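Q: model the following, please.
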Amino acid sequence: MAEPHWTPSLVEDRLAEAADTLRRLPETRVQGFASTWPPMLREFWDSCAVAEITLRRPPPSAAAITRMDEALPWLRLLDPADARIVWLRATGEPWKSICWKVGLARTAVNEHWLFALCVIAWKLNGRRLPRNKSRRQVILATRSAGR
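A: Residues are numbered from 1 along each chain as shown. Sure thing, here's the model as predicted:
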C-alpha cells in the first residue's frame, strides 16, 4: 500500500483522533487493591437524584491505539511551544483558553498552529523544511502544494 500524501488537515485529524483515543483508554489502577463487595444495583428511584452518573464511551480499538502510538511522536518534531498549541487544539481546547495558556494573541496562536501542522506534514512526506522561508511562506507553500 502506498504511503499517504500527508496534508495539514490529515495531520490535524490524526492528532485529534490520538487525543480522543488517549482520553478513552481505561484509567490506571493500583494493582493489588480490589473490593470484595459486590457491585451495588440501584433502582430507578435511588439514582433519580444522583447527578454523578458518568457515561463513558467504549474503549478504543487496537487499530486506534496503534494510530495513536504513531501520531504522538510527531509532537517531538516541533518546538515545545508549538507542540503545546497543537496538542491543546487536538484535545478540543477553545482558542481563547489556548491563548491564555500560551500567552499569545489569537492570530499568533493560529499561525503557530498552522505552521506546526505544515512542519509535521512536510516531515512525514520526507521533505526538508526550507530554512530561508518564513512561517507564512511555509504555510502558503503547503497550501499551494495541496491543490
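
Q: please make it C-alpha for all contacts and neighbour counts, starting now.
A: Fine.

Q: and the longest helix along the chain, how far out from the chain middle?
A: Looking across the chain with DSSP state H, the single longest helix is helix 106-124. Centroid separation between helix 106-124 and its chain, computed with C-alpha atoms, centre = their mean, to the nearest Å, is 14 Å.

Q: buried residues in it?
A: 109-110, 112-122, 124 (16 or more other C-alpha atoms under 10 Å).

Q: want to throw those residues into a markdown table with distance to Glu12 and pLDDT?
A: Formatted as a markdown table, these follow (distance: C-alpha to C-alpha, whole Å; pLDDT from 0 to 100):
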| residue | distance to Glu12 | pLDDT |
| --- | --- | --- |
| Val109 | 15 | 97 |
| Asn110 | 13 | 95 |
| His112 | 13 | 96 |
| Trp113 | 10 | 96 |
| Leu114 | 10 | 95 |
| Phe115 | 12 | 94 |
| Ala116 | 10 | 95 |
| Leu117 | 7 | 95 |
| Cys118 | 10 | 93 |
| Val119 | 12 | 93 |
| Ile120 | 10 | 95 |
| Ala121 | 10 | 93 |
| Trp122 | 13 | 91 |
| Leu124 | 13 | 93 |
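
Q: helix or strand right after the longest helix of the chain?
A: helix 135-146 (DSSP states H and E).

Q: neighbouring contacts of that following helix?
A: 7, 111, 114-115, 118, 130 (C-alpha atoms under 8 Å, 6 or more residues apart in numbering).

Q: with just CA atoms, put the strand or helix carrying Leu88 into CSV.
A: If you go by DSSP H and E, Leu88 is part of helix 80-90. What follows is helix 80-90, C-alpha atoms only, in CSV (Å, rounded to 0.1, in the frame of the first residue of the first chain):
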residue,chain,number,x,y,z
PRO,A,80,7.8,22.8,22.7
ALA,A,81,5.6,25.9,22.4
ASP,A,82,4.2,24.8,19.1
ALA,A,83,3.7,21.2,20.3
ARG,A,84,1.7,22.5,23.2
ILE,A,85,-0.5,24.6,21.0
VAL,A,86,-1.1,21.7,18.6
TRP,A,87,-1.9,19.3,21.5
LEU,A,88,-4.2,21.7,23.2
ARG,A,89,-6.1,22.2,20.0
ALA,A,90,-6.2,18.4,19.3
